[in-house]
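Chemist: Return atomic coordinates for the entry below.
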Amino acid sequence: MWSIQKKSIREHDRRVLQDYLLEIDSRLDKGEGLPDDLPNRAKTFHDIGVINRKIYVDMAQKAKKQETGSQIQRDVVTTKTKTVSQVLTTASERMT
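Modeler: Numbers count the residues shown, from 1 in each chain. Okay, here's the model as predicted:
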């Protein structure tokens, strides 16, 4: 649950920063730029990059967890298969 909230907050923050960046770019394109627009634009680009990296790290961690979960499931299936096989072998040996 927490990761979903965290992802939602990050995506919202990224959208807000992108909208702000569009406002700055629009003013600059019209030639109506404010004195702080260039430094704010650079900082906003940086902040968007930081958020993107955090999102990518979260995605990589999620993929790794899923991969680990899949490996655990494969191990359980393999163990159960071996156990069933051993039981069947033991039963067939008793019958002969």
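
Chemist: so the nearest residue to residue 20 once chain neighbours are set aside is in which element?
Modeler: Closest residue to residue 20 in three dimensions, ignoring its sequence neighbours and counting by Cβ to Cβ, 6 or more residues apart in numbering: residue 44, at 5.7 Å. Yep, even glycine has a C-beta here, placed from its N, CA and C like the rest. For residue 44, the element it lies in under DSSP states H and E is helix 37-95.

Chemist: same check, this time on residue 23
Modeler: Counting by DSSP H and E, residue 23 is part of helix 2-30.

Chemist: Quick one: mean pLDDT over that helix.
Modeler: Helix 2-30 shows a mean pLDDT of 87.

Chemist: Report all helices and strands that it contacts.
Modeler: helix 37-95 (3 or more Cβ pairs under 8 Å, 6 or more residues apart in numbering; DSSP states H and E).

Chemist: Against residue 5, how distant is residue 67?
Modeler: 24 Å (Cβ to Cβ, to the nearest Å).

Chemist: who are the neighbours in contact with residue 45?
Modeler: Neighbour list for residue 45: residue 21 [criterion: Cβ atoms under 8 Å, 6 or more residues apart in numbering].

Chemist: go again using 10 Å as the cut-off
Modeler: Residues near residue 45 by Cβ atoms under 10 Å, 6 or more residues apart in numbering: 17, 21.

Chemist: Over to the one 10 residues further on?
Modeler: With contacts defined as Cβ under 10 Å, 6+ apart, the neighbours of residue 55 are 6-7, 10-11, 14.

Chemist: run the last query once more with 8 Å
Modeler: Here residue 55 is in contact with 7, 10-11, 14 (Cβ under 8 Å, 6+ apart).

Chemist: got JSON lines for these, with distance to residue 38 and neighbour count too?
Modeler: Putting these into JSON lines (distance: Cβ to Cβ, whole Å; neighbours: other Cβ atoms under 10 Å) gives the following:
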{"residue": "7", "distance to residue 38": "31", "neighbour count": "15"}
{"residue": "10", "distance to residue 38": "26", "neighbour count": "16"}
{"residue": "11", "distance to residue 38": "27", "neighbour count": "12"}
{"residue": "14", "distance to residue 38": "21", "neighbour count": "17"}
